[in-house]
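[1] Build the 3D model from these lines:
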Amino acid sequence: MMKSLLSFLLVVMLTACASGVKLNDVPVEDRSGIKPPPELSNITPAPVQPTPQPQSKVEPVTSSNNDNFASGPANTTKIIYFDYDSFSVKPEFQSVIESHAKFLKANPRARLSLEGHTDERGGREYNLALGQKRSDAVRQSLTLLGVAASQIETVSFGEEKPAVQGNNEAAFSKNRRAEFFYK
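    Down below sits the predicted model:
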């Protein structure tokens, strides 16, 4: 009895704390009530002069073997598109995945971030889960080709970062994607 009462109170408290108001949509207003005195309201502060900093004698570190992996494999697309409500990698993108796998295996210090995206159809939670499944599917394809899992991180943006604005199939098809970002 006591356990169910505590559970009920917890649900009531959490429900009372929920709000449908998005923080981005709420205007911000100054309620501090602090206003400068009239005699200070038209005074412009003097510019601050930067203090000279002592010169460092430490040389910046530069890599002699040019570890700039940000571009990824040359002449290879960095986007894979998916069918509606699917996270299966299409056969037409297998060569793209193979190129990225070859690059990652040849560059074991390279790191890849896979971002999963969806079109705007579906609820927010559903789209976040679908975007994650899309990035995870590409990751699994890469690891099956021998890429170390530690080189790849996955993230989902769901419908939050559309590549194309629009409310038609042409726009939807460009937004159902996984993108490769090298670090």
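[2] And the nearest residue to residue 88 once chain neighbours are set aside, how far from residue 95?
    Nearest residue to residue 88, sequence neighbours excluded (CB to CB, 6 or more residues apart in numbering): residue 137, at 6.9 Å. Where you see a C-beta, it was placed from the backbone N, CA and C, and this is true even at glycine. Separation of residue 137 from residue 95 (CB to CB, to the nearest Å): 16 Å.
[3] who has more neighbours, the two?
    Relative neighbour count places residue 137 above the other of residue 137 and residue 95, with 21 against 11, counting by other CB atoms under 10 Å.
[4] Now that one: which helix or strand?
    helix 124-144 (DSSP states H and E).
[5] Please name the strands paired to whichever helix or strand comes after that helix in the sheet, noting orientation.
    Later in the chain than helix 124-144, the nearest helix or strand by DSSP H and E is strand 152-158. Here strand 152-158 is paired, per DSSP bridges, with strand 112-117 (parallel).
[6] For the partner strand, buried residues please.
    Neighbour-count burial for strand 112-117 flags 112, 114, 115, 116, 117 (criterion: 16 or more other CB atoms under 10 Å).
[7] List of residues touching stretch 102-109?
    67, 69, 72-73, 76, 110, 112, 142, 145-148, 151-152 (CB atoms under 8 Å, 6 or more residues apart in numbering).
[8] Using JSON lines, please lay out those residues together with pLDDT.
    Formatted as JSON lines, the contacts of stretch 102-109 follow (pLDDT from 0 to 100):
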{"residue": "67", "pLDDT": "58"}
{"residue": "69", "pLDDT": "70"}
{"residue": "72", "pLDDT": "85"}
{"residue": "73", "pLDDT": "86"}
{"residue": "76", "pLDDT": "88"}
{"residue": "110", "pLDDT": "94"}
{"residue": "112", "pLDDT": "95"}
{"residue": "142", "pLDDT": "97"}
{"residue": "145", "pLDDT": "96"}
{"residue": "146", "pLDDT": "96"}
{"residue": "147", "pLDDT": "96"}
{"residue": "148", "pLDDT": "96"}
{"residue": "151", "pLDDT": "96"}
{"residue": "152", "pLDDT": "96"}
